[in-house]
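>>> Predicted coordinates and the sequence they were generated for:
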Amino acid sequence: MSIKMTAVFAFVALAFAGGFLFIAINKGTNIRAPASKPVAVLTPFDGKLVVQSIDDLRVAGHKIVLCGVAFAKPQSMRVIVTEAARRDYQGLALTCKPVGAGTPCDGNIAPKFRDAVVVQCLTSDGTDLATKLVEAGILCGQPAQAGSTYKSCAQDS
């Protein structure tokens, strides 16, 4: 191939690349970020406590996780602890506010955990349900979630 042919070929290739770049810049691509799903704003709700198990609490049809506390006892105690919680707290009227609405866990954990809403629940006299469950020895405080708000079971030793 002669130098003249190579120069013509290079010019055509350069013109093609320039035209392609012009089209790409002016037309853009049809690739767009997916539309974001609307975020549901969680609001406080009232209802009666239903204790299906110590890991399955419900209020007003919402499956809840109490912020800052968890069942951290041996698994062999799960049935006994569930029965105690059901006996002493089933049907208790509560007002629950989701994480992000002024709970001890705000900024430390997400407002949802799997299919449950993470909440702080108060009785009609303003007593924190998690505090009652910790004081009864049913649940244990989780300092990574709520600081020193609830007593950790590790403090019992």
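Received the coordinates, thanks.
>>> Where in this structure is the helix or strand with the lowest mean pLDDT?
Ranked by mean pLDDT, DSSP states H and E, the weakest helix or strand in the chain is helix 3-27, scoring a mean of 72.
>>> how about stretch 47-54 as PDB, C-alpha atoms only?
C-alpha atoms of stretch 47-54 as PDB (Å, rounded to 0.1, in the frame of the first residue of the first chain):
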ATOM      1  CA  GLY A  47     -51.800  -0.600  68.800                       C
ATOM      2  CA  LYS A  48     -51.700  -3.600  71.200                       C
ATOM      3  CA  LEU A  49     -48.700  -5.800  71.500                       C
ATOM      4  CA  VAL A  50     -48.900  -9.400  70.100                       C
ATOM      5  CA  VAL A  51     -46.100 -11.700  71.100                       C
ATOM      6  CA  GLN A  52     -46.000 -14.500  68.600                       C
ATOM      7  CA  SER A  53     -42.400 -15.300  69.800                       C
ATOM      8  CA  ILE A  54     -39.700 -13.300  71.400                       C
END
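>>> for that stretch, which positions count as buried?
Using 16 or more other Cβ atoms under 10 Å as the test for burial, stretch 47-54 gives 47, 49-51, 54. Heads up, the C-betas are built off the backbone N, CA and C, glycines and all.
>>> Need the contact partners of it.
The contact list for stretch 47-54, computed with Cβ atoms under 8 Å, 6 or more residues apart in numbering, reads 57-62, 71, 78, 81-82, 85-86, 89-94, 96, 121, 129, 138-139.
>>> Run through the residues that contact Ala136.
Residues in contact with Ala136, defined by Cβ under 8 Å, 6+ apart, are 84, 88.
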